[in-house]
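Novice: need a 3D model of the following:
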Amino acid sequence: MQLLASQLVLANTQKTIGYVIAVLVAIGFVTYALINVRLGRREAGSEIELAPNRQPYLDDEELETKKLDLSLAFALVLLLALGIGLPGYWLAEPGRQAGEELHQLDQYVRRGERVYNEGAQCVNCHGPEGVGGAVSYAITDAEGNFVDQVNWKAPALDTLLYRYSRAEITEILTYGRAGTPMPAWGIEGGGPLDANAIQDVITYLETVQRPVGEVRDEVELAVQELCAPEVVDASAYEAAVGDGADQRDLIDPACTAATAEFETLGETLFNLPTAEGTFACARCHTKYWAADSRLDEPPEATQDGPAGGGAYGPSINGDATAKYTPAEHVEFVTRGGDFPGTWEMPGFGFNPNAEDEGSPMDEEQFMLTAAQIEAIVSYERSL
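Specialist: Here you go, the predicted model:
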């Protein structure tokens with residue numbers, strides 16, 4: 001954002017200079033017009049004596065002195081100014097175009113911010129600048145009958161582009177998330193926003209994505225508080241995962257904290273509550289994990305389902321993951337996968353936007369480290 005701001009300052013400075021020049025030209029034009037109007041009011045017939053072409057000019061002796069030299073020097077200066085100015089203007093054109101692109105980007109961001117905060121009011125659920133939040137949500141059964149009133153954890157959006165591409169986010173915003181408080185916002189999904197407004201919101205969200213160092217520190221702090229996993233020698237990860245003499249089993253360090261809520265690092269990460277569950281696999285794979293009942297006597301129907309038993313995402317219990325080898329499973333969680341017409345699994349160890357031209361994201365901005373993903377996969381395969 002600081003880089004964008006500095007570039008916009010330069011672009012605006014260039015625009016200000018242009019405005020000043022335009023004002024000076026306008027003043028000169030008005031002055032010229034007023035002088036001509038004043039001269040035009042002289043009495044009829046006076047032009048015979050007053051017209052410049054009817055008045056005697058300087059004779060050769062007076063003209064061909066310093067006056068001629070000054071005129072020629074002035075003409076030379078104008079010629080030099082033209083000869084230097086036009087190429088200079090041409091050379092500065094890319095900078096003006098870049099400045100205009102930054103100006104347009106700034107307009108997209110401002111429009112997206114207005115939609116986020118005032119239009120669609122995404123801020124009410126996802127918090128200011130996408131830090132995450134919660135929303136009251138009524139759960140109903142298949143017939144539309146009331147079942148429970150819950151506080152639904154709305155995930156943070158300040159790491160959204162770490163794992164979802166712009167196309168995937170467009171799909172989510174357009175059609176919403178069935179079975180959650182996330183409604184359809186795009187016209188094609190029955191919502192009020194056109195395609196441009198959707199893209200403006202995504203462009204705004206790009207500007208609030210957090211630095212990767214902050215994200216890593218936040219996850220590590222939560223992991224230490226909830227689990228304090230055993231320390232594993234880094235050399236243990238050098239061999240490939242899989243079967244064979246040169247390969248090894250998945251590594252999922254045990255928790256050592258006296259107050260640990262989970263048994264292993266993988267289980268901790270699978271259920272990580274940080275940023276309203278933004279990093280947690282359980283958000284999608286455990287029924288009602290993201291919902292906390294507001295009733296004094298919550299119905300059994302909205303209690304958390306079995307870990308990994310399936311919710312918005314499919315069940316990963318039992319033999320559900322057996323179709324993948326351990327290495328394939330790790331790769332799938334790392335890079336994600338597409339399931340047209342149903343849902344899309346984001347990648348937690350790969351940024352799909354880092355290589356896009358003009359994207360502010362970089363390849364280091366992904367959700368979880370390779371060791372953390374391996375621990376999650378180990379836990380999932382134990383379910």
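
Novice: wait, Pro299 sits on Gln149?
Specialist: No - contact between Pro299 and Gln149 fails when scored by C-beta atoms under 8 Å: they sit 10.4 Å apart. To be clear about C-beta, it is placed using only N, CA and C from the backbone, and glycine gets the same treatment.

Novice: what is in contact with the two at once?
Specialist: Ser293 (C-beta atoms under 8 Å, 6 or more residues apart in numbering).

Novice: who has more neighbours out of the two?
Specialist: Per other C-beta atoms under 10 Å, whichever of Pro299 and Gln149 has more neighbours is Gln149, with 15 against 12.

Novice: am I right that that one is in a strand?
Specialist: Yes - the assignment for Gln149, made by DSSP: H, G, I helix; E, B strand; the rest coil, places it in a strand.

Novice: which ones are touching Glu344?
Specialist: By C-beta under 8 Å, 6+ apart, the contact list for Glu344 reads 164, 168, 171, 336-338.

Novice: that one in helix, strand or coil?
Specialist: The three-state label given to Glu344 by three-state DSSP is strand.

Novice: run through the bridge partners of it.
Specialist: Beta-bridge partners for Glu344, by DSSP bridges, are Asp338.

Novice: quick test: name the residue nearest the centre of this protein.
Specialist: By C-alpha atoms, centre = their mean, the chain has its centre lying nearest to Glu206, at 1.1 Å.

Novice: quick one: name whatever helix or strand follows the helix-or-strand element of the chain with minimal mean pLDDT.
Specialist: Sorted by mean pLDDT, DSSP states H and E, the helices and strands of the chain end with helix 47-50, the least confident at a mean of 63. Where DSSP states H and E defines the elements, the next helix or strand beyond helix 47-50 is helix 60-63.

Novice: remind me which helix or strand Glu331 belongs to.
Specialist: Going by DSSP H and E, Glu331 is in helix 326-335.

Novice: contacts for that helix, please.
Specialist: Applying C-beta under 8 Å, 6+ apart, the external contacts of helix 326-335 come out as 240-242, 249-250, 321, 324, 345, 347-350, 370, 373-374, 376-377, 380-381.

Novice: filter those residues down to just the ones in helices.
Specialist: 370, 373-374, 376-377, 380 (DSSP state H).

Novice: and those as JSON lines, adding distance to Gly99?
Specialist: As requested, the ones in helices among the contacts of helix 326-335 are exported to JSON lines (distance: C-beta to C-beta, whole Å):
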{"residue": "Ala370", "distance to Gly99": "41"}
{"residue": "Ile373", "distance to Gly99": "42"}
{"residue": "Glu374", "distance to Gly99": "46"}
{"residue": "Ile376", "distance to Gly99": "45"}
{"residue": "Val377", "distance to Gly99": "47"}
{"residue": "Glu380", "distance to Gly99": "50"}
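
Novice: quick check on the residues you listed: which are buried?
Specialist: In the ones in helices among the contacts of helix 326-335, burial by neighbour count holds for 373-374, 376-377, 380, counting by 16 or more other C-beta atoms under 10 Å.

Novice: and these, which is closest to Val135?
Specialist: Ile376 (26.9 Å; C-beta to C-beta).

Novice: isn't the closest one right up against Ala280?
Specialist: No - using C-beta under 8 Å as the test, Ile376 is too far from Ala280 to be in contact (9.9 Å).

Novice: now the common contact residues for those two.
Specialist: Residues touching both Ile376 and Ala280 (C-beta under 8 Å, 6+ apart) are 269-270.

Novice: how about the nearest residue to Arg248 once chain neighbours are set aside, phi and psi?
Specialist: Spatial nearest neighbour of Arg248, chain neighbours left out: Ala239 (4.6 Å); criterion: C-beta to C-beta, 6 or more residues apart in numbering. When read as degrees, to the nearest 10, the backbone of Ala239 gives phi -80, psi 150.

Novice: quick one, grab the pLDDT at Ala239.
Specialist: Listed pLDDT for Ala239 reads 89.

Novice: so what's the residue nearest to the centre of the chain up against?
Specialist: Glu206 neighbours (C-beta under 8 Å, 6+ apart): 161, 359-361.

Novice: contacting residues around the residue lying closest to Met367 once chain neighbours are set aside?
Specialist: Spatial nearest neighbour of Met367, excluding adjacent residues (C-beta to C-beta, 6+ apart): Phe348 at 4.3 Å. By C-beta under 8 Å, 6+ apart, the contact set of Phe348 is 163, 279, 333-334, 336, 366-368, 373, 376.

Novice: pLDDT at Phe348, what is it?
Specialist: Looking at Phe348, its pLDDT is 95.
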